[in-house]
Each structure stands twice: as structure tokens, then as C-alpha cells.
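Novice: Coordinates only, no sequence provided:
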DNA sequence: CAGTATCCAGTCGGATACTG
DNA sequence: CAGTATCCGACTGGATACTG
């Protein structure tokens, strides 16, 4: 879309907000899927090999872990190091950019933990109607 | 799931992290969809009526806006006030809980803005291979 | 104006089988 | 062990038409 044109001159506060939303929306599209944050989560404790991750995360299919890692690698958030041994060994780790994502996620996670009871209460109330 | 049992006693650091991830995952399931943060975004500037929102957000279908708002209302993040006038008028606004979500989202949004160039560079590099 | 119901194409993601 | 390819059911979300 024509972000450039929109941010050119007039730039009302509203449109600035709107751009924030777009940026937010884009990264939520990336990290908001089913497995990405799980991967970032387990990698935040240190590098892992493919099958280790699969076990640690639990419930993720072979395919989806591959796709998720590929996507994170493409975005420069995760690095992939292959050792040409037999059997092959591949290690995944967070890059600096990947690590920088941990704090924002922790903030959100804290919010989630703080507000879970409130939300669950609201949900129960809503459903009893 | 047996979160209670898991957090009972041993509570290795790892399992704590894992619970954080679960909580995070749950709220990302809620806010990570296509429209939720857009709604929170526009409502952060003040209450709005249904069709106003639709215009402000742009690109959202009637149906999806309804569903998104319903979901946010159910979770107690958005309030819905209907005026029995003709034609009907319904105002949506963030609740206190809804407003408390703005800051965490802003943190993430800041990260997105800071890292967009890095990610786009990484993506371009990756695709040129 | 606000909301609901139906339809349907597109996407997502798990299961499975196969390769280096 | 790590990764790819194919298949296919399930879900998502837009378009449309209708109601109060």
C-alpha cells in the first residue's frame, strides 16, 4: 500500500496511529501464528536442534516446525547452523534481532498473566446470558 | 490442561517459561487475528459507532467487524452501548482492561517500527539465494 | 444503522511417505 | 537426524442478502 504517500506531509495524529497499527499488524501476522512464539520462547533459553525443539514445544508437527523456522530465519530472527556430520546436525538459535523481541513479548506475556482471571470472569459472565 | 499440577511444586525455571508461553499463546490467539488490534487501535482514540469504525479501519467486512467486536466484548475488553433510537445507535468503547492492553501493544509496535528495516533487509538477503 | 444467516473460495495445518 | 512433497479435512473470512 502507499504508506510513503500517506506519511508524506499532512500526517495528522490519527494517521500516525494508523501507521503504528499497520506496523503492528504486520508483525502480528508474523508472530501471531500458532507456533512462532513457542519457538522464540524455547530458543530464548539457548540454541536447540530440530528434534529437541519439537519435543520441547510439544504438539507441533514436523512440517509446521520447519515452516516456522524457515520463516523466522528469513526474517533474520533465528539463525540456522548445519553441521555436515552423519547423521546431520542442525542448530537453531536466536539472532540479536530475535533476542530483542523477547522483552516486548515478555511485556505482553505479563499482561496476559495479569489479565487472564479478569478475562475469564468476563467470558463466563458473558456466556451466562 | 493441568497447569495447576504443573506449577505445584518442582517448578523448574523451564516450566515457568513454558507457562508464560502458554499464556502468551492464548492471548495471541485472541489479538493476533486480522482485525482485533485495528479495533483496539481506533478505539484507543475514543468511542466509536459501528459504521464509523468500519470506515476508519478500512477493508474490514461487516461480518468480521461484528465478530471481532463480539469477541472483544465477551472478553471484557470492549463495552457495547446500544441506544434504542431510530435508527439504532450503538457505541463501542474500550473498557479499563481494554485500555490496559494499549501499553503492551505500543511496546510491541515500537519494536515493529524499530525492526522493520532490519527484517526487510534480512528478507531481501534471504530471497536473493 | 446495526446485526444475522448463508454460501463458498482460499488458506492453514496435520498426517503421511519419501529423500539425503 | 533434518528436510521436502503430497494429500486432504477444517477453519477463516469475504460477499451477499435479509431482519429489526
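Specialist: Happy to help now that I have it. Computed from a prediction, not measured in an experiment: that's the story for all the values here.
Novice: What ranges in chain A fall below the confidence cut-off?
Specialist: Applying pLDDT under 70 to chain A picks out residues A:1-15.
Novice: what about the helices in it?
Specialist: Under the criterion DSSP state H, chain A contains helices at A:3-6, A:13-31, A:36-43, A:50-57, A:62-74, A:96-100, A:102-127.
Novice: Centre of the chain to the fifth one, how far?
Specialist: Centroid separation between helix A:62-74 and its chain, computed with Cα atoms, centre = their mean, to the nearest Å, is 12 Å.
Novice: which ones are touching the residue most central in space within chain A?
Specialist: For chain A, residue A:31 is the residue whose C-alpha lies nearest the centre (Cα atoms, centre = their mean; 2.9 Å). Neighbour list for residue A:31: A:37, A:40, A:101, A:105, B:28, B:32 [criterion: Cβ atoms under 8 Å, 6 or more residues apart in numbering or on different chains]. In this view, the C-beta of every residue, glycine as well, is placed from N, C-alpha and C.
Novice: The second one reaches residue A:100, doesn't it?
Specialist: No. The criterion here is Cβ atoms under 8 Å, and residue A:40 misses it with residue A:100 at 10.9 Å.
Novice: These two - which one has more neighbours?
Specialist: Of the pair residue A:40 and residue A:100, residue A:40 is the one with more neighbours under other Cβ atoms under 10 Å in any protein chain shown, namely 22 against 15.
Novice: Distance check, the more buried one against chain B.
Specialist: Distance, residue A:40 to chain B, using Cβ to the nearest Cβ, to the nearest Å: 9 Å.
Novice: now do residue A:69
Specialist: Counting by Cβ to the nearest Cβ, the gap from residue A:69 to chain B is 13 Å.
Novice: And residue A:111, by the same measure?
Specialist: Here the criterion is Cβ to the nearest Cβ. By it, residue A:111 lies 4 Å from chain B.
Novice: Relative to residue B:69, how far out is that residue?
Specialist: 20 Å (Cβ to Cβ, to the nearest Å).
Novice: Could you do residue A:102 as well?
Specialist: Going from residue A:102 to residue B:69 by Cβ to Cβ gives 32 Å.
Novice: Could you check which of those two is surrounded by more residues?
Specialist: Counted by other Cβ under 10 Å, residue A:102 and residue B:69 do not tie: residue B:69 has more neighbours, with 21 against 15.
Novice: Report the separation between the more buried one and residue B:38.
Specialist: Look at residue B:69 and residue B:38: by Cβ to Cβ, they are 11 Å apart.
Novice: One more: residue A:88?
Specialist: Here residue A:88 is placed at a distance of 43 Å from residue B:38 (Cβ to Cβ).
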